[in-house]
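**Student:** Here's my sequence, what's the structure:
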Amino acid sequence: MSALSDQIEILQSIYCSEGELDVEPSLLDWLQSRQSGCPGSKPSVLQFAVNVQVPDTAVSIRLHCRCPLLCPTNNHDDTEIELDRPSFHFGTSASLSRELHEALSERLDELVERIFAERDPSECTPSMMTMEIIAWIHDDGARLIQESTLAASGPPQDSSPSQDAGPLVFAREWVYFPSLSTKEKRKDLVDYALRLGLTGFVTPGKPGVLVVEGLDTHINTYFHEIRTVSWADLPPAHKKMTLRHRDKQAISSVRELDALRKFKGMVEIVFDLHGARGNRNSLFKMETFLAEAGCADAFGKLFPEFGQELRSQ
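**Tutor:** Coordinates of the predicted model:
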């Protein structure tokens, strides 16, 4: 089997869901015509695109690959085809701002160059690099998108908790952490919220949960300060947080805030920590707590991927 046929077969076997992989039609037509014994003009490039759904976001990214084919164009046999160095880029997406698209594209270029610099050429095939890039999208790319979502309003304007003029918006944000353990950083999550007049709770361990409620301008300030001050010294892998849900309601005065709050104060809560390291929360007890707080639907928003069988853990 030629390198070209091998690449097509690998890609089609991995990205086999409907609408996931798009290969240049002329290339597929040529391969099919070759099998029938009546090949037409041999293509000069392998082009395909993979549609990637970014985990924990509503963003879908289209990853394009272009790889020139090195072969005599007048030879219908594909056994002599060799693959040149592939190039990659992201297509535009309505779910990505121009700034975020540019940031992701810059990171993609850096990743591709690093792969070429560090890997043997035999490990730089279109299929192998595509798999590595998609793994990067699922990890670092997803984190970049999630951080951008939390900072969508930009550096917020300072606002006093005693503000009493409209237009005002009450908000409650539900944030998921794969793991939340550092004691000092957890303390900041509580202290920064109290200073801004926010209420809610923090749950350390695996998984970690943060809920904050109050004026949306104060919540914007809160996350901006957490990211740029409290957590500024943490490596990117330790900053991963996912905004799972946001409740919003317009109000005419801050005097309406207390009637909308579900939680009193800002505290750290654990739910029957267990496991080998004593850091896993009981999801069943967390779900019960949320229901008693008047947020019965919140558990499904925080953990949409968890089935009933996992809630007893």
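
**Student:** remind me which residues of the stretch 201-313 of the chain are low pLDDT?
**Tutor:** 236-239, 273, 275-279, 305-313 (pLDDT under 70).

**Student:** ranges for the helices of it?
**Tutor:** Secondary structure of the stretch 201-313 of the chain (DSSP state H, counting those that start in this stretch): helices at 216-225, 257-260, 283-292, 298-302.

**Student:** Now the third one: buried residues?
**Tutor:** Neighbour counts using 16 or more other CB atoms under 10 Å place 283-284, 286-287, 289-290 of helix 283-292 among the buried residues. In short, each C-beta sits where N, CA and C put it, glycine included.

**Student:** Of these, just say which sits nearest to residue 97.
**Tutor:** residue 290 (32.3 Å; CB to CB).

**Student:** For that closest one, give me its contacts.
**Tutor:** 296, 298-299 (CB atoms under 8 Å, 6 or more residues apart in numbering).

**Student:** And these, which of them are buried?
**Tutor:** For those, a burial check counting by 16+ other CB under 10 Å picks out 298-299.

**Student:** okay if I get the contacts of residue 290 as JSON lines plus distance to residue 201?
**Tutor:** Converted to JSON lines, the contacts of residue 290 look like this (distance: CB to CB, whole Å):
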{"residue": "296", "distance to residue 201": "16"}
{"residue": "298", "distance to residue 201": "11"}
{"residue": "299", "distance to residue 201": "14"}
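
**Student:** Just say helix, strand or coil for the most centrally placed residue in the chain.
**Tutor:** Nearest residue to the geometric centre of the chain (CA atoms, centre = their mean): residue 142, 2.4 Å. Under DSSP: H, G, I helix; E, B strand; the rest coil, the three-state class of residue 142 is helix.

**Student:** Is it in contact with residue 53, as I believe?
**Tutor:** No. With contact defined as CB atoms under 8 Å, residue 142 does not count as touching residue 53 (10.1 Å).

**Student:** those strands in the protein, which residues are they?
**Tutor:** Assigned by DSSP state E, the strands in the chain fall at 21-23, 45-53, 60-70, 82-83, 87-90, 168-177, 199-203, 208-215, 242-251, 266-268.

**Student:** Now render those strands as TSV, adding mean neighbour count and distance to residue 257.
**Tutor:** Listed next are those as TSV, based on neighbours: other CB atoms under 10 Å; distance: least, CB to CB, whole Å:
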stretch	mean neighbour count	distance to residue 257
strand 21-23	17	50
strand 45-53	19	37
strand 60-70	17	37
strand 82-83	16	61
strand 87-90	17	41
strand 168-177	20	6
strand 199-203	23	9
strand 208-215	24	7
strand 242-251	15	7
strand 266-268	17	14
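
**Student:** Looking at those strands, which is nearest to residue 9?
**Tutor:** Residue 9 lies closest, by CB to CB, to one member of the strands of the chain: strand 21-23, at 11.0 Å.

**Student:** Just checking: what are the partner strands of that closest one?
**Tutor:** strand 45-53 (antiparallel) (DSSP bridges).

**Student:** Mind listing residues that contact the partner strand?
**Tutor:** Residues contacting strand 45-53 (CB under 8 Å, 6+ apart): 4, 7-8, 11, 15, 19-24, 27, 59-69, 83, 86, 91, 126, 130, 134, 137-138.
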